[in-house]
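> Predicted structure and sequence below. I'll ask about it afterward.
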Amino acid sequence: MQFQNADILTTKQFDLEGITKLFSLAKEFEPIAFGEQKSDLAHGKILANLFYEPSTRTRFSFEVAMKRLGGDVISVTSLDDSSLKKGETLYDTGKVVSQFSSIIAVRHPQAGSASQMAEGATVPVLNCGDGPANHPSQALLDLYTIYKYTGDLSGLTICMVGDLKNSRVQHSQCDLLLNYQNLKFIFVSPESLKMPTEVTESLRAKGFSVEETGDLAAAVGAADVISSSRIQVERFATLEEYRKHTGIFVIDSPVMAHVKKDAMLLAPLPRIEEIATAVDNDPRAKYFEQVKNGVPVRMALLALVLGLKHM
């Protein structure tokens, strides 16, 4: 795939060659990402971080990634801080912010919002989450975490647990995993929050096995990788409706007793109650390591899109 000057709006843009290239560069950047070395590769470049929906990990890791590369960051952290509050369109916001920046990272609660901004922008736009639709950089760092332990994602059994209907992270993970071979998927969720049909159909069309079940213990016991997501309160019309779905599938120490010794548990966080804190010290729990891996992966994405590195 072509990275330089490209808008990164959906995980469907990625092929295996592009993923492999990005992972190779992320590995090269780890000493800089983790503070052991310095870089001025992005000196003079400015990242505009436009986050119109709450974020901690994605916003901070993009900021750290740009600063580790030697660039600068300007930020918006809510709709109230921007002219969108006055009625400015995403198209116009893209036009305006392009005058101040070299690249834009945007999160917005509306599906398709990043594409609308990219239509107006004259610099590359990176989608950092558009409602329940896509979250490319999160899915990339998730797969990078798996890659660091397995070396190859083909042949794995992936169990996904939680709000599969609304999880842009797990939708994006599935898109990227279509680039690999011989995978098996087990989906565990409340009946009303099942994985969308278009996702399961795309996986089956690739020849992957797809199972949907309510048996959490059996599902995690068969998995090489477990991807957990919270029930997302912001996707429900009322708190009453949200509460109907909470506490159903919780990964705690008794559940982890069913998990293979060499399996791994991933989660994009924030955690509400879907993973017990007692699991944090389990060596198979990799979700805080995922957070750390977000910096080199996003450094690699910034460097490739800005044309600072060619691989």
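That came through, no problem.
> Was I right to think V64 contacts V297?
No. Judged on C-beta atoms under 8 Å, V64 makes no contact with V297 at a distance of 11.7 Å. For glycine as for every other residue, the C-beta is placed from the backbone atoms N, C-alpha and C.
> Pick out whichever of those two has more residues nearby.
V297 (29 against 17; other C-beta atoms under 10 Å).
> Now the residue lying closest to the more buried one once chain neighbours are set aside. Its backbone dihedrals?
Sequence neighbours aside, L141 is the residue nearest to V297 in space, at 4.2 Å (criterion: C-beta to C-beta, 6 or more residues apart in numbering). For L141, the backbone dihedrals (degrees, to the nearest 10) come out as phi -70, psi -30.
> Can you give me the distance of L141 to V250?
For L141, the distance to V250 equals 24 Å [C-beta to C-beta, to the nearest Å].
> Which of these two has more residues huddled nearby?
Using other C-beta under 10 Å as the criterion, L141 and V250 rank with L141 on top: 26 against 17.
> residues contacting that one?
Shown in contact with L141 (C-beta atoms under 8 Å, 6 or more residues apart in numbering): 290, 293-294, 297-298.
> Go again with 7 Å.
L141 sits next to 290, 293-294, 297 when contact means C-beta atoms under 7 Å, 6 or more residues apart in numbering.
> now swap in L25 and tell me
Neighbours of L25 in contact, by C-beta under 7 Å, 6+ apart: 300, 303-304, 309, 311.
> Now, these that are in helices?
Within the contacts of L25, residues falling in helices by DSSP state H are 300, 303-304.
> Now flag whichever of these is closest to S209.
Lowest distance from S209 to the ones in helices among the contacts of L25 (C-beta to C-beta) belongs to A300, with 31.4 Å.
> Pull the number of nearby residues for that closest one.
Neighbourhood size, A300 [other C-beta under 10 Å]: 30.
> What of the one 10 residues further on?
Around H310 sit 10 other residues, with neighbours defined as other C-beta under 10 Å.
> can you give me the helices in this structure?
Going by DSSP H, the chain shows helices at 16-33, 57-68, 90-97, 113-120, 136-150, 168-177, 197-205, 216-222, 239-243, 253-256, 287-305.
> For D280, find the nearest of the ones you listed.
Closest approach to D280 among the helices of the chain (C-beta to C-beta): helix 287-305, 7.5 Å.
> Mind giving me the packing neighbours of that closest one?
Counting contacts by 3 or more C-beta pairs under 7 Å, 6 or more residues apart in numbering; DSSP states H and E, helix 287-305 packs against helix 16-33, helix 57-68, helix 136-150, strand 264-266.
> let's go with 10 Å and repeat that
Helices and strands touching helix 287-305, by 3 or more C-beta pairs under 10 Å, 6 or more residues apart in numbering; DSSP states H and E, are helix 16-33, helix 57-68, strand 103-108, strand 125-130, helix 136-150, strand 264-266.
> Ok, which of those comes nearest V188?
V188 lies closest, by C-beta to C-beta, to one member of those: strand 264-266, at 13.2 Å.
> How far away from the center of its chain is the closest one?
14 Å (C-alpha atoms, centre = their mean, to the nearest Å).
> go on, stretch 69-79?
Per C-alpha atoms, centre = their mean, the centroid offset for stretch 69-79 relative to its chain is 19 Å.
> Can you lay out the helices and strands packed on helix 287-305 as a markdown table showing mean pLDDT and distance to V76?
Below are these laid out as a markdown table (pLDDT from 0 to 100; distance: least, C-beta to C-beta, whole Å):
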| stretch | mean pLDDT | distance to V76 |
| --- | --- | --- |
| helix 16-33 | 96 | 24 |
| helix 57-68 | 94 | 10 |
| strand 103-108 | 94 | 9 |
| strand 125-130 | 92 | 12 |
| helix 136-150 | 93 | 18 |
| strand 264-266 | 96 | 29 |
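> May I see the ones you listed organised as a markdown table, with distance to I186 added?
A markdown table is the format used below for the helices and strands packed on helix 287-305 (distance: least, C-beta to C-beta, whole Å):
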| stretch | distance to I186 |
| --- | --- |
| helix 16-33 | 23 |
| helix 57-68 | 26 |
| strand 103-108 | 29 |
| strand 125-130 | 25 |
| helix 136-150 | 16 |
| strand 264-266 | 14 |
